[in-house]
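A.B. asks: below are the sequence and a predicted model for it; my questions follow.
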Amino acid sequence: MEYIKQASKTAESNSDNIRGRVNEILADIEERGEHAVIELAKKFDNWEGDFILSDDKKQALIDQVPEQVKADIRYAYDQVYGFAKAQRKSINEFETTPLDGVRLGQRIIPMDVAGCYIPGGRFAHACSALMSVATAKAAGVETVIACSPPRGDAIAPAVVYALDVAGADIIIEMGGVQAIATMAFGLFTGKPANILAGPGNAYVAEAKSILASAGKCTIDVFAGPTESAIIADKTADYMTVAIDLVSQAEHGYDSPVWLYTDSRELADKVLEVMPKIIADMPDPEVPAASWEDYGEIILCKDREELCRINDQYAAEHVQVMAEDLDWWVTNLKSYGSLFLGEGSTVPHGDKCSGTNHILPTKKAGYYSGGLNVHKFLKIYTYQKISKDANLTVSGAASRLSRVEGMEGHARACDWRLRKYFPEQEWDFDVYDQAKY
């Protein structure tokens with residue numbers, strides 16, 4: 001492989017400083033609770049009003065949303081919710097009887113409370129509201145709490161409408177680390193979340209990660225700054241490649257975009273045209289910085305090497321513009337979500353095609369997929385073992401316990417052997433509790 005363009009920064013460039021600050025904020029909130037949150041909201045959002053969105057204010061905001069925007073949000077909801085329902089149907093409760101008298105089963109129980117974060121800032125992320133809230137509801141979560149930072153004196157009206165369509169039970173006008181902590185600790189609602197879901201900036205991502213590591217709740221994925229990679233061969237249109245790279249670079253100053261190709265001609269053309277496409281953007285500063293600091297073009301010798309590079313980077317989004325798309329589906333193994341062929345662009349998945357856009361970043365795609373309905377489900381097992389089946393199961397468990405040096409475990413099984421089969425003789429040591 002050869003770098004035609006190499007990034008000067010990585011996702012880890014500022015992570016230590018961010019993590020330290022987030023730890024301080026979370027510790028303060030855990031100690032002082034709602035008082036700390038009120039102070040942080042005033043400091044960062046200049047917010048002094050109620051946090052929980054009232055029905056009257058919600059309706060007033062919804063009334064501001066144009067009908068075409070409402071129709072588009074409902075269309076996106078139908079696709080996202082429909083795909084999530086199909087995912088839910090793909091996993092079922094069951095029972096099996098591997099031996100006479102042994103009954104094993106699986107139960108699927110939705111989370112009680114899901115906390116969904118919807119970013120604010122430069123964009124009104126109406127589609128992010130659908131991705132987390134609608135998916136949680138498709139899983140059967142009873143209470144979904146949504147937090148989104150206010151833009152001025154309210155959350156963006158389109159976001160409020162999307163949250164309402166998706167079925168959010170409580171909407172909180174709050175952003176940042178304090179919003180993540182509020183949902184995790186159940187502040188202002190009395191309902192601590194089992195799971196935190198949704199993308200956000202580096203501070204939000206760190207807050208989720210820290211809370212999950214501390215055992216306060218689980219999280220969906222590590223959703224840091226957006227990453228996008230394109231795999232393209234000589235058949236790809238360099239303008240399509242470049243435009244799609246710029247489309248993702250606009251997410252933020254630290255949003256990496258990468259091109260992996262086995263065509264030097266394509267690589268050179270993309271490198272040449274990227275600055276021109278960026279300069280033609282209404283706000284070129286952000287994609288220009290993202291491309292300059294984090295963008296890469298990697299030239300590989302063949303498609304096998306392209307696969308190795310892809311799996312090494314494990315990008316959040318991976319587009320394939322190459323021949324033999326089925327081959328890539330079979331051979332690519334690490335990514336957040338896959339977009340096949342020129343007709344599939346990341347914004348389709350980001351907005352309305354149906355697959356979830358809350359996806360793993362920072363190489364987490366190596367071991368985890370993106371947000372899906374199963375993340376909101378608790379999958380439990382149970383067993384029932386009859387007296388007769390204990391002859392086999394307790395016997396094996398007793399012997400295996402002693403192999404591992406766990407005498408207490410072995411005696412729990414031995415007790416059942418002696419109790420259920422008092423006349424039985426054993427060809428291995430079975431502890432006799434008769435002396436008690």
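C.D. replies: That came through fine. Residues are numbered from 1 along each chain as shown.
A.B. asks: helices or strands next to whichever helix in the chain runs longest in the packing?
C.D. replies: As assigned by DSSP state H, the longest helix anywhere in the chain is helix 67-89. Where contact means 3 or more C-beta pairs under 8 Å, 6 or more residues apart in numbering; DSSP states H and E, helix 67-89 is packed against helix 135-139, helix 157-166. Quick note: C-beta positions are derived from backbone N, CA and C, even for glycine.
A.B. asks: let me know which of these is tucked in deepest.
C.D. replies: Among these, helix 135-139 has the highest mean neighbour count (mean count of other C-beta atoms under 10 Å), at a mean of 27.
A.B. asks: and that one, how far from the chain's centre?
C.D. replies: 14 Å (C-alpha atoms, centre = their mean, to the nearest Å).
A.B. asks: where's the nearest residue to residue 105 once chain neighbours are set aside relative to residue 107, distance?
C.D. replies: The shortest distance from residue 105 to any non-neighbouring residue, by C-beta to C-beta, 6 or more residues apart in numbering, is to residue 95 (4.1 Å). Applying C-beta to C-beta, to the nearest Å, the value for residue 95 to residue 107 is 10 Å.
A.B. asks: again with residue 17
C.D. replies: 44 Å.
A.B. asks: okay, the two: which has more neighbours?
C.D. replies: Neighbour tally, residue 17 and residue 107, criterion other C-beta atoms under 10 Å: the higher count belongs to residue 107, 13 against 10.
A.B. asks: now the closest residue to that one other than its chain neighbours: which helix or strand?
C.D. replies: Leaving out its chain neighbours, the residue that sits closest to residue 107 by C-beta to C-beta, 6+ apart is residue 380, at 4.6 Å. According to DSSP states H and E, residue 380 maps onto strand 377-385.
A.B. asks: okay, now the unreliable bits of this structure?
C.D. replies: Residues of the chain meeting the criterion pLDDT under 70: 11-15, 435.
A.B. asks: can you pull the contacts of the residue most central in space within it?
C.D. replies: In the chain, the centroid-proximal residue (C-alpha atoms, centre = their mean) is residue 221; its distance is 3.2 Å. For residue 221, the contact set (C-beta atoms under 8 Å, 6 or more residues apart in numbering) comprises 336, 358-361, 364, 368, 370-371.
A.B. asks: now, those residues that are in helices?
C.D. replies: Counting by DSSP H, no part of the contacts of residue 221 is found in helices.
A.B. asks: SS state for residue 144?
C.D. replies: strand (DSSP: H, G, I helix; E, B strand; the rest coil).
A.B. asks: neighbours of it, how many?
C.D. replies: Going by other C-beta under 10 Å, the residues that sit close to residue 144 add up to 27.
A.B. asks: again with residue 49
C.D. replies: 10.
A.B. asks: how about the one 4 residues further on?
C.D. replies: Using other C-beta under 10 Å, the number of residues around residue 53 comes to 22.
A.B. asks: and for it, nearest residue in space, chain neighbours not counted?
C.D. replies: residue 171 is the one closest to residue 53 (C-beta to C-beta, 6+ apart), at 4.1 Å.
A.B. asks: what's next to the helix or strand harbouring that neighbour, contact-wise?
C.D. replies: Element membership for residue 171 (DSSP H and E) is strand 170-173. For strand 170-173, the surrounding residues in contact (C-beta under 8 Å, 6+ apart) are 47, 49-53, 58, 143-150, 154-155, 160, 163, 179, 182-183, 188-189, 191.
A.B. asks: how far is that strand from where the chain is centred?
C.D. replies: Worked out by C-alpha atoms, centre = their mean, strand 170-173 lies 21 Å from the chain centre.
A.B. asks: appreciated, that's everything.
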